[in-house]
Each structure stands twice: as structure tokens, then as C-alpha cells.
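Participant: Kindly return the folded structure for what I paste below:
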Amino acid sequence: MPLINFDDSLKLGIPEIDKQHEFFVYLTNKLHKEISEDISYEDAIQYIDELFKYAKYHFSKEEFYFKRYGYVNLPEHVNEHNKFVNDIEKFRKEYLSDSASLPYDILSFMANWFVTHIKESDMKYRDLFIQKGMEKLINRPE
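Facilitator: Next up is the predicted model:
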């Protein structure tokens, strides 16, 4: 059973962003499945790193469009992204120092943060991005 269901409540109606969000959900559910099946320490680190790298990639895409479109909540939103990155780095360091339950802690944190972030923060830029025509484009060139 997936940890997160990518349903309409997590869709912004902006294909490029929705596709990225859906992939993050896929990676989160993949890690959840692996942890449920008694994942090795090395594999857990690999999955956590993959999720972390993808989140940073996604944040850089959002932030590119924030700057391009003059999003008024850019500083606040970027601060949320930075706090997430710092928190995950802290979790990862703790896990590397041999905290056995940490993959569950990281996974729970990431899943909760991500769902809340989309529903509360990302929805704030939705109208601006649609106004700029992003809902019509699957992959927008930079």
C-alpha cells in the first residue's frame, strides 16, 4: 500500500510541476516499500539520497519560475525549501551515525512535509503560473 496517493488534491493543474510532484511521490512510495521489506543500510542511504537530489532539482525548477514570473512570496517559499533541505541533511547525518529507526523518521518527515507543502504553499503560486500559461505546457524550455 502506498504511503502517499497522488490524487487531485496534490495536482496544481500545471503539467510540468504535477509531473515532478508525481515523481517525488513515486520515489517516496518506492522507499516506503523497500523499508517495509527490510532494506539494507546502504540501500536506504541510496534511496534517501535519490529523494533528496530529486527534491533539490524540483525546488530549483520552481524557484526558476518564481524569479521569472516575479512571484511575491519567493523569499518565504525559498526559505521553506531551504529548511527542508537542511532538515534532510541533518536526518541523513544522524542516520550515518547509526540511528536504526531513521529511515522511517526521514520517510515520515518527507511525506508529511511534501503533502502539506503542496496543499498550503505550492497552491499559492498556482494562479500566477496558470496566468503565465504554464498549464498549457508539458515541458517548458529554460
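
Participant: Disregarding flanking residues, what is the spatial nearest neighbour of residue 117?
Facilitator: In this structure, residue 117 finds its nearest non-sequential neighbour in residue 80, 6.5 Å apart by CB to CB, 6 or more residues apart in numbering. Glycine gets a C-beta too; all of them are placed from N, C-alpha and C.

Participant: Residue 58 touches residue 20, doesn't it?
Facilitator: Yes. Counting by CB atoms under 8 Å, residue 58 touches residue 20, with 4.7 Å between them.

Participant: if I pick the residue nearest the centre of the chain, what's in contact with it?
Facilitator: In the chain, the C-alpha nearest the mean C-alpha coordinate belongs to residue 55, at 4.5 Å (CA atoms, centre = their mean). Residues near residue 55 by CB atoms under 8 Å, 6 or more residues apart in numbering: 24, 84, 85, 88, 110.

Participant: which residues of this protein score low on pLDDT?
Facilitator: For the chain, the stretches flagged by pLDDT under 70 are 98-102, 137-142.

Participant: Go through the longest helix that the chain contains and flag the buried ones.
Facilitator: When the chain is parsed with DSSP state H, its longest helix is helix 41-69. Buried residues in helix 41-69, counted by 16 or more other CB atoms under 10 Å: 44, 47, 48, 51, 52, 54, 55, 58, 59, 62, 65, 66.
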